[in-house]
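>>> the following comprises the amino acid sequence and a computationally predicted model.
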Amino acid sequence: MKLKLTAAFLTCALLLASCGGGASGPGTPAPGEPSPSVPEPTPPESAEAMEMENGAPQNVVLTNADGTASLRWDEVPGARGYNVYRAGSRYGEYAKLNAEPIPAASYADPVWDGSFHYKITGVSGEKETGQSKEVSGEISLWGPNVLIFSPDDDPSAVGNLINNIRARQVSNQFGKQRYALLFKPGVYSPDIEVKVGFYTHAAGLGLLPTDTSLEKLTCDARWLSSGENNNATCNFWRASENFSVRSDTLWAVSQAVSMRRMEINGNLY
């Protein structure tokens, strides 16, 4: 993989995004207990249900076969072939790789890159099914709760995903979910606001905080007091690290939190 993660980010992925990491307490999952995967940008339908509804190929599997990206999936009944789409990031622009529909339910991309993401569609007559759920080396390596973003990603999709995670985690004080929001170096859209709830770690993947520029970072404390007193005494277990913020920042926290190696280009409240 081209992407290199430092020990600090590996720690955040293991502690905050794994099923067994994070703080101890009544909400800590038992060893081996699976952690629910991150919600998709269009809830409440699951990705699997959406695939079945739009006829997309299911159970897409990606493996590294000696430097070749090997893809296989379940056959779609009645399909005469398949199309393979690839993007350089999870929510980037997907381009079709094949000129004509592929007759078999498999495909080999001659270049392996862990940051490449793939989606598959079926072709029946002149009609094309919806796209399958994306697969990539990044997702296979880090799991569904470690979200790695790129400046090339669709800002709307990234923003919706972050909002969904925040909505789940804002008051999830003793919950089992853990998330890491990791941002590759670059300048991100002003439409993306990083909202950090319980058991969420937001981090830039550059060598320096200035390598990754985000518009806004917010951690408020309205969940405990219905917005009346902004009580932050129970805002625990979250972190932000190693990126630059281009505006005022609200970081209302209590303990078991960290904000380190950050550049705030505005007021910090």
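On my side now, so go ahead.
>>> please make it C-alpha for all contacts and neighbour counts, starting now.
Noted.
>>> how far away is Phe198 from Leu205?
From Phe198 over to Leu205 the distance is 21 Å, taken as CA to CA, to the nearest Å.
>>> how about Arg90?
As defined by CA to CA, Arg90 lies at a distance of 16 Å from Leu205.
>>> likewise Pro151?
Pro151 is 12 Å from Leu205, where distance means CA to CA.
>>> which residues do the two both contact?
Here Pro151 and Leu205 share the contacting residues Lys184, Pro185, scored by CA atoms under 8 Å, 6 or more residues apart in numbering.
>>> okay, those two: which has more neighbours?
Set side by side, Pro151 and Leu205 show more neighbours around Leu205, with 24 against 20, by other CA atoms under 10 Å.
>>> Gly266: neighbour count?
Applying other CA under 10 Å, we find 11 residues neighbouring Gly266.
>>> pretty sure it contacts Leu217?
No - using CA atoms under 8 Å, Gly266 makes no contact with Leu217, being 11.1 Å away.
>>> got any residues that touch both of those two?
Val245, Thr249.
>>> point out where the stretch 151-269 of the chain drops to low pLDDT.
226-229 (pLDDT under 70).
>>> so where do the helices sit in it?
155-169 (DSSP state H, counting those that start in this stretch).
>>> how about the strands in it?
Remark: strands assigned in the stretch 151-269 of the chain by DSSP state E, counting those that start in this stretch are 179-183, 186-187, 193-195, 200-204, 212-214, 216-219, 238-241, 244-245, 250-251, 257-260, 263-264.
>>> who does the second one pair up with?
Using DSSP bridges, the neighbouring strands of strand 186-187 in the sheet come out as strand 212-214 (parallel).
>>> tell me, how many neighbours does Pro155 end up with?
Pro155: 20 neighbours (other CA under 10 Å).
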